[in-house]
Structures are given as structure tokens and as C-alpha cells.
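Undergrad: coords please:
(one chain, ligands or ions: 1)
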Amino acid sequence: MKRQLHLNLFIHSRGHHEASWRHPDTAPLALTDIRYYQDLAQRAEAALFDSIFFADQLALGGDVAQAARTWLEPVTVLAAIAVATNRIGMIATASTTYTEPFNLARQFASLDHISNGRVAWNIVTSWLAAAARNFGGSGQVSHADRYARGEEFMTVVKALWDSWAEDAVIDDRAGGQYARAERIRPINHRGDFYQVAGPLNLPRCPQGRPVLVQAGSSDTGRRFAARHADAVFTAHVEKATAQEFCADLKALAAAEGRNPKEVLILPGLSAMIGSTEAEALRLARAVDDLTEPEVGRKRLSNRFGGHDFSHLPLDRALAPEDFPNPDSVEAARSRTEVILNLVRRNQPTLRQLLGYLAGARGHYVAAGTPEQIADLIEDWFTDGAADGFNIMPPLLPAQLDVFNAEVIPILQHRGLFRAEYAGRTLREHYGLPMPKSAFAG
Ligand SMILES: Cc1cc2nc3c(=O)[nH]c(=O)nc-3n(C[C@H](O)[C@H](O)[C@H](O)COP(=O)(O)O)c2cc1C
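TA: Sure thing, here's the model as predicted:
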């Protein structure tokens, strides 16, 4: 069988376009209504997606007056989606900076049990400066310290997930023995940031441990992903940088002694699909016309750790000097580089830059026919830029429905995407082995 694509649906607001929430083709339900998310997950499952994904920030954005987001807390949402679906994997974001490892290990192990092995954790260190103000107020932890803490966090949660052997529970009613105590071990972790005795207070989860997803693309972020991630989300506005990222991350994973094929690279793709290219462009323009440049300006400032862009005129060509040096940014460093590369390459005006970022915040944006979108997916997939895609429909559910009805059959016809689910767990959909138990051997 040909190498198979992996598709994840990134569920965000009423679509990834910044103005999607205003668009008449998007869902009528409130963004706090769980039926909206359950319905999207069911549509993605009917189309045989590997997984769905929810991002998360730990602070209210400053642009709430004119921007709508996915408000519900993702771990809670996954529990509700788990009982409304059967096969699709599901990924929730949670922070290593603002969570205790014991809580997180327990929540995700619970979700893995609730979903019968379909859960993944998107590991973030939380780049948003405003989040720090909601957790103790001692200021933002630096980029380097966030990753150092994240590294120790991973050691702890992995040990907790490993603290029960697979066969620890026997549930022998007649014999009066529930569990083999000798098959459950404390972890006795004492490190720089965490002191955790363990063991976890629930049995080993169906996937051994949840699938691990990561999305940092800075040098430190890449090394972290190479050590821990089963799948990696990444944002690129051109194929060449995606190829460079893929090659680099696979080499780093190999250097960590891992099989590079077991680290899936999933760049974002936000496609506006029409029956003709002209129609797709018209649809894209219609939603672009609903954007508000001042919302984009605030978001740009957030990306650059609160840098003030208020003095920049909207209609003069931008230069790299208009931006702070990415190395000095304590926020989402890799995305600032994506933005600066775009400025170096195209010298857009601020209005044009904000227009592009409104599409999908620095991910690849395309408009075209189903054939053109399938060609693009196949080209990146076969040319070393991706193992699959993080599908980010600009309008939900309208553009997801078009993707499912028109693009997926082309990919299936080309032998690039499954015609039915073969596995039951997310690990199986992603083609990943079970992690070795610490009790093995
Ligand atoms: C598709 C995608 C989704 C992300 N989701 C989140 C998120 O939900 N919460 C968050 O704090 N960061 C999120 N990030 C940001 C990364 O996890 C990472 O924190 C950011 O890129 C900064 O790390 P870096 O400086 O190593 O790149 C996401 C990134 C990508 C590409």
C-alpha cells in the first residue's frame, strides 16, 4: 500500500478565518454550545479524519469586542466528544507552564479511558504574555525556562503514566483481590521544578500513554518535539520552509534514537474551495471584506510579546526593521519568524500582511478547486514537506463539508487516504507502536 496521509481537523471558532464568526455560511449555534463541537467531530469522523484538535490559551484576548474564539476548556470538551463519537482521535491542548504534572497525567489518562484509546495531548509551554498574569502574577517565564520546565514535566508525566503495569488490575470478585499492588509503583520524582511521589491514581491507559503532539518550531521547540512528540503541528507559508522543517525534525528525531517515521509532521492548510478557481477567490474575498485591520494589529502585537505597532501606517511597505528581533521575543518565537520571512520576501503593506494573517494566522492559505487543493496536498506529501495536514477550514462547517465531499474522494481515488478506518485507537490511525511498559521484560 502507498504511504498514507494523516488528516487532523483543527476546530477553531466558526472557522480559521478571523472574520468567520460573522459569515452567514457558518454555524448558527453559540460557541459555548457543545453540540456545535460534537457535530463537527462527527462530520470529521464520517470523512475518516485521523483526529480533531482544540488549541487553547489561558487568557482572554484583548480583541474580544470584535473576535470570537472557541471558549470552552478543551479537556472538558474532549470528554463530551468522546461519548458522541466512536473512532476518531481527539487532541486537547494543555500547558506545562501552568498545570501540575499530576493533574495533567490524570486528566489525559482519564480521557484515554473514556474514549477507549483515542486521546492525544498537545503539549504547549504557553507563549501568551497575558496568561502569566492569571497564574501568580510573577511575570512571564522566559522562553528558555518554559522549555526547561517542560522537559522535567515530561519526565514526570511519562513516569506517572508508566506507574501501573498493564495487568495490575485483576478485579477478582470471587477471590477478593482488586489489584496486584506489586504491579503499581511510586515514581519518587525530585527535580528542580517538581516533587511528585506517585503512583498515578488510575490504571494504565488503553494507548499505554496518550499520543503526544507538539507545535513549537523554534530551535528549542524542535529539539523538544524530536524527543517527545508523536505528531508535530507547524505553520508555513511556503513549501520550501516546510521541507526544511520536515528534514530537520526527522534528523533530530533520528539523533534522539527514534524512528523518524514515527514522528508525523502536520503543517496547517486553510483552503477555500470553490467549484471553479474564480468562485474560490470570490468566496475568499467575501470573508476578507469582513475583517477589521485593528483586530489584526492587536493580534500581531500579541505574537510579538506585546510590541507596539500602533504607529505603523496601514499602506506603506513594511521592512524587517519595523519588527523587534525574534530572538528577543519571549512569545511564539517561530511564528514571528514566519511573519518576518513573509515581510522580507514580499514587502507587503501592513494592511496586506494583516489581510494574509487574517486567513489562518500564518498557516498556508489557498483558494482553488477540489482538484487544485488535492494536487497541493499530494505535492507537499510526496515532496518531503508533510506526512499529512492540519486541516483548518476558513469557514465551519461549510468549508469542511466541501473538503469532505470533494477533496477527500480525490485523495482516496489516488490511493493516498484511507477508505475506512483500519484501527480503533489514535495510535493505530497514526501508525504508531505502543510505548514500552516500564514493567516489561
Ligand atoms: C497548529 C498550532 C497550534 C498551536 N496551538 C497552541 C495552543 O493551543 N496554545 C499555545 O499556547 N500555543 C499553541 N501553539 C504554539 C506552539 O505550541 C508554541 O508554543 C509556539 O510556537 C512557541 O514555541 P516556539 O517559540 O518554540 O515556536 C500552536 C502552534 C501551532 C503551529
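
Undergrad: Helix or strand: which one has the closest residue to D322 other than its chain neighbours?
TA: Among residues not flanking D322 along the chain, L312 sits closest, at 6.1 Å (C-beta to C-beta, 6 or more residues apart in numbering). C-beta here means a position set from N, CA and C on the backbone, and glycine is covered the same way. Here L312 is covered by no helix or strand, with elements defined by DSSP states H and E.

Undergrad: can you count the residues close to L312?
TA: By the criterion of other C-beta atoms under 10 Å, L312 has 15 neighbours.

Undergrad: what sits against it?
TA: Taking C-beta atoms under 8 Å, 6 or more residues apart in numbering, we find L312 in contact with 318, 322, 350.

Undergrad: residues from the chain in reach of the ligand?
TA: Proximity of the chain to the ligand (C-beta under 6 Å from any ligand atom) is limited to residues 55-57, 93, 124-127, 215-218, 220-221, 233-235, 268, 332-335, 390.

Undergrad: Can you give me the end-to-end span of stretch 41-51?
TA: 9 Å (C-alpha to C-alpha, to the nearest Å).

Undergrad: Output the lowest mean pLDDT helix or strand found in the chain.
TA: Ranked by mean pLDDT, DSSP states H and E, the helix or strand of the chain with the weakest confidence is helix 129-132, at a mean of 84.

Undergrad: Return the list of helices and strands in contact with the helix or strand that it is followed by.
TA: Toward the C-terminus, helix 129-132 is succeeded by helix 143-161 as the next helix or strand (DSSP H and E). For helix 143-161, the packing partners by 3 or more C-beta pairs under 8 Å, 6 or more residues apart in numbering; DSSP states H and E come out as helix 101-114, strand 189-190, strand 195-196, helix 219-228.

Undergrad: mind running it again at 7 Å?
TA: In terms of contacts (3 or more C-beta pairs under 7 Å, 6 or more residues apart in numbering; DSSP states H and E), helix 143-161 is packed against helix 101-114, helix 219-228.

Undergrad: mean pLDDT for the ones you listed: which is lowest?
TA: Among these, helix 219-228 carries the lowest mean pLDDT, at a mean of 95.

Undergrad: Just the residues contacting the next helix or strand after it, thanks.
TA: For helix 219-228, the following helix or strand on the C-terminal side (DSSP H and E) is strand 231-234. The contact list for strand 231-234, computed with C-beta atoms under 7 Å, 6 or more residues apart in numbering, reads 211, 213-215, 217, 225, 245, 249, 263-268, 390, 430.

Undergrad: out of those, which one sits closest to L200?
TA: When the contacts of strand 231-234 are ranked by distance to L200 (C-beta to C-beta), V211 comes first, at 17.5 Å.

Undergrad: Please report phi then psi for that closest one.
TA: Here is the backbone geometry of V211 (degrees, to the nearest 10): phi -60, psi 140.

Undergrad: just I373 next, same as before
TA: With angles defined as degrees, to the nearest 10, I373 sits at phi -70, psi -40.

Undergrad: Return the distance of stretch 339-356 from the chain's centre.
TA: Taking C-alpha atoms, centre = their mean, to the nearest Å, one finds stretch 339-356 lying 24 Å from the centre of the chain it belongs to.

Undergrad: so which helix or strand takes in the closest residue to P326 other than its chain neighbours?
TA: In this structure, P326 finds its nearest non-sequential neighbour in T336, 4.4 Å apart by C-beta to C-beta, 6+ apart. Using DSSP H and E, T336 sits in helix 333-346.

Undergrad: residue boundaries of the strands in this structure?
TA: 6-10, 51-54, 89-95, 119-124, 169-172, 177-179, 189-190, 195-196, 211-214, 231-234, 264-273, 364-368, 388-391 (DSSP state E).

Undergrad: Looking at those strands, which is nearest to R297?
TA: Nearest of these (C-beta to C-beta): strand 364-368, 18.9 Å.

Undergrad: could you dump that closest one to PDB, C-alpha only?
TA: Listed in PDB are the C-alpha atoms of strand 364-368, where the atom choice follows Å, rounded to 0.1, in the frame of the first residue of the first chain:
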ATOM      1  CA  TYR A 364      -0.700  28.200   4.500                       C
ATOM      2  CA  VAL A 365      -3.700  29.700   2.900                       C
ATOM      3  CA  ALA A 366      -5.000  28.500  -0.500                       C
ATOM      4  CA  ALA A 367      -8.100  29.100  -2.700                       C
ATOM      5  CA  GLY A 368      -8.900  26.800  -5.500                       C
END
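
Undergrad: From the chain's centroid, how far away is it?
TA: For strand 364-368, the distance to the chain centre is 19 Å (C-alpha atoms, centre = their mean).

Undergrad: quick one: strands adjacent to it?
TA: strand 264-273 (parallel) (DSSP bridges).

Undergrad: now the partner strand against strand 6-10, angle please.
TA: 60 degrees (axes from the mean of the first three to the mean of the last three C-alpha atoms, to 10 degrees).

Undergrad: Going forward, the N-terminal residue is numbered 7.
TA: Yep, numbering from 7; the last one is strand 270-279 now.

Undergrad: any low-confidence regions in the protein?
TA: Residues of the chain meeting the criterion pLDDT under 70: 143-144, 336-339, 447.

Undergrad: quick revisit: next, work out how far apart the residue nearest to D328 and the ligand are.
TA: As judged by C-beta to the nearest ligand atom, to the nearest Å, L318 and the ligand stand 23 Å apart.

Undergrad: For the ligand, what's its nearest residue on the stretch 57-206 of the chain.
TA: Per C-beta to the nearest ligand atom, A61 is where the stretch 57-206 of the chain lies closest to the ligand, at 2.9 Å.

Undergrad: Please consider this matter closed, and thank you.
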